[in-house]
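*Asks:* I would like the atomic coordinates for the input below:
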Amino acid sequence: MARAVAKDYDKLFKLFAEEDPRDLLALFAGIPPDAPISVKPLPREIMLPSLQLDHVYEVTTEAETFLVHFEVTTRFRAEVYQHAARQVQDLVSRYRMPIQSYFVILTEHGYPSKPIRPYTEAFGVFRMEAALEVIRLWTIPASAVLDRPNPRLYPWTVLLDATPTQQSEAYRRIERLKDRDLLARMALLGGLRYPSEERLFRRLTTMTEQEIIQESSFYKWFVEKMELAEAEGEARGEARGEARGEARGEARGEARGEARGEARGEARGEARGEARGEARGTAHGERKILLHQLRIRFGDPLPQPVLDRIFAADSETLIRWAGQTLSASTLEEALS
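*Replies:* From the prediction side, this is the model:
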């Protein structure tokens with residue numbers, strides 16, 4: 001469950017990786033953004049359908065071609081590191097070329113005091129060792145972002161090694177751009193690292209929380225992704241509604257007229273199926289956003305009474321709670 005929550009919250013990193021792969025490689029892999037190379041994103045699914053990568057690129061220079069692989073997690077977990085190491089093995093097996101692998105940790109929560117050793121596995125004569133380079137965002141100087149002419153990097157300043165002055169500078173630059181999307185990203189990332197009483201976090205949430213979330217393109221992008229995932233469920237609801245309506249129509253048709261019963265049954269079943277499928281799909285997407293915000297902010301697992309309230313809430317309540325979570329200091333305050 002914790003891994004699934006982390007993957008959901010890392011949507012911002014995924015968006016960054018899709019928008020700016022050259023800046024991603026420059027910031028973490030040390031490849032200058034103006035280097036004469038070509039960068040080709042590779043499929044995230046390899047070998048087995050259940051094995052999903054975070055991000056992998058094929059980089060071609062004048063001298064060589066190699067892979068660059070990123071695995072991203074909100075906090076360090078040994079099992080996620082092991083999973084990333086096995087991904088390296090599968091990438092090498094499939095593409096047969098050199099690889100540089102980076103394990104990117106967004107926050108310092110749970111980071112071990114001892115050095116992280118290379119991951120090894122041995123099965124008889126077979127032995128595998130993978131030494132991923134660990135990237136701790138909180139140790140990267142903020143100047144690495146502020147010195148680049150790319151505003152989409154500015155929200156990440158809140159997770160870097162930044163002084164209050166540098167954080168304020170990043171915020172001012174975004175404010176001057178009047179970009180609600182970047183403000184939303186900065187507020188969401190700030191929630192990973194800073195408690196609500198921090199001055200920076202209070203400043204990030206000066207605007208109405210729901211306004212920041214709902215009007216940003218990131219929120220719309222996130223909801224669209226989940227709506228696509230829910231499309232199948234909605235289609236099932238429609239199909240079930242049609243099938244039930246048809247069955248009822250047939251039964252009534254035998255008693256009152258087969259043709260009339262079928263028409264009414266199908267129409268009612270289809271309408272009910274569409275309405276229920278759409279309502280459930282929308283509420284499910286909003287519930288998923290709220291759950292991942294609460295788990296990152298207040299820990300996982302959430303108390304069962306809290307889960308019961310969330311799964312019983314309607315769409316309007318879920319949206320309100322998601323907005324309150326940005327500035328809440330307790331679960332009770334978030335769900336008030």
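*Asks:* Do I have it right that I105 meets L132?
*Replies:* No - using CB atoms under 8 Å as the test, I105 is too far from L132 to be in contact (10.9 Å). Every residue, glycine included, has its C-beta placed from N, CA and C.
*Asks:* which of these two has more neighbours?
*Replies:* Set I105 next to L132 and count neighbours by other CB atoms under 10 Å: I105 wins out with 25 against 22.
*Asks:* Show me what that one is bridged to.
*Replies:* T73, R136 (DSSP bridges).
*Asks:* so where's this protein uncertain?
*Replies:* Across the chain, the ranges flagged by pLDDT under 70 are 1-12, 14-16, 44-53, 194-283.
*Asks:* Do a quick rundown of the strands in it.
*Replies:* 38-41, 55-60, 65-73, 99-105, 119-123, 126-130, 133-136 (DSSP state E).
*Asks:* which residues does the closest residue to T65 other than its chain neighbours contact?
*Replies:* In space, and not counting its chain neighbours, T65 is closest to M97: 6.1 Å by CB to CB, 6 or more residues apart in numbering. Counting by CB atoms under 8 Å, 6 or more residues apart in numbering, M97 makes contact with T65, F66, L67.
*Asks:* Name the residues linked to the last one by a beta bridge.
*Replies:* Per DSSP bridges, the residues bridged to L67 are E58, I99.
*Asks:* pretty sure it is touching E58, no?
*Replies:* Yes - assessed by CB under 8 Å, L67 is found in contact with E58 at 6.0 Å.
*Asks:* More neighbours: these two, which one.
*Replies:* When L67 is set against E58 and neighbours are counted by other CB under 10 Å, the residue ahead is L67, at 19 against 15.
*Asks:* now the helices for this protein?
*Replies:* Assigned by DSSP state H, the helices in the chain fall at 2-9, 11-19, 21-29, 78-95, 143-146, 164-177, 180-193, 199-204, 209-215, 217-256, 258-298, 304-312, 315-325, 331-334.
*Asks:* Just the closest of the contacts of M97 to Y81, please.
*Replies:* L67 (18.4 Å; CB to CB).
*Asks:* separation between the closest one and R127?
*Replies:* 21 Å (CB to CB, to the nearest Å).
*Asks:* Next: L189.
*Replies:* Taken as CB to CB, the span from L189 to R127 is 39 Å.
*Asks:* Can you pick out the residue with more neighbours from the two?
*Replies:* L189 (22 against 9).
*Asks:* residues in contact with the more buried one?
*Replies:* Taking CB under 8 Å, 6+ apart as the test, what L189 contacts is L12, P155, W156, V158, L159.
*Asks:* now V59
*Replies:* V59 touches L25, I31, I37, S38, V39, K40, T65, F66, L67, V68, counting by CB under 8 Å, 6+ apart.
*Asks:* now do 10 Å
*Replies:* Counting by CB atoms under 10 Å, 6 or more residues apart in numbering, V59 touches 21, 25, 29, 31, 35, 37-40, 65-68, 100.
*Asks:* Looking at those residues, state which has the most neighbours.
*Replies:* L25 (23 neighbours).
*Asks:* for it, what are its contacts?
*Replies:* Applying CB under 10 Å, 6+ apart, the residues near L25 are 17, 31-33, 35, 37, 39, 57, 59, 68, 70, 100, 102.
*Asks:* repeat for L24
*Replies:* 13, 16-18, 31, 33, 39, 55, 57, 68, 70, 102, 104, 153.
*Asks:* just the buried members of these?
*Replies:* Among the contacts of L24, those scoring as buried are F13, F16, A17, I31, H55, Y57, V68, F70, Y102, V104, L153 (criterion: 16 or more other CB atoms under 10 Å).
*Asks:* Dump the residues you listed into TSV; add distance to E121 as well.
*Replies:* Putting those into TSV (distance: CB to CB, whole Å) gives the following:
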residue	distance to E121
F13	27
F16	31
A17	28
I31	29
H55	23
Y57	25
V68	23
F70	21
Y102	20
V104	22
L153	36
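*Asks:* Return the member of those residues nearest to E332.
*Replies:* F13 (30.3 Å).
*Asks:* from memory the closest one sits against V104, does it?
*Replies:* Yes - using CB atoms under 10 Å, F13 makes contact with V104 at a distance of 7.3 Å.
*Asks:* list residues touching both of those two?
*Replies:* L24, D54, H55, F70, V72, T73, L137.
*Asks:* Nearest to F298, out of those: which one, please.
*Replies:* T73 (18.3 Å).
*Asks:* Just give the closest residue to R309, not the sequence neighbours.
*Replies:* L335 (6.3 Å).
*Asks:* Could I get the contacting residues of that neighbour?
*Replies:* Contacts for L335 were tallied using CB under 10 Å, 6+ apart; they are L290, L294, V306, R309, I310, A313, T317, R320, W321, Q324, T325, A328.
*Asks:* With neighbour count added, can I get those in a markdown table?
*Replies:* As requested, these are arranged in a markdown table below (neighbours: other CB atoms under 10 Å):
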| residue | neighbour count |
| --- | --- |
| L290 | 23 |
| L294 | 23 |
| V306 | 17 |
| R309 | 14 |
| I310 | 18 |
| A313 | 18 |
| T317 | 16 |
| R320 | 16 |
| W321 | 22 |
| Q324 | 17 |
| T325 | 23 |
| A328 | 21 |
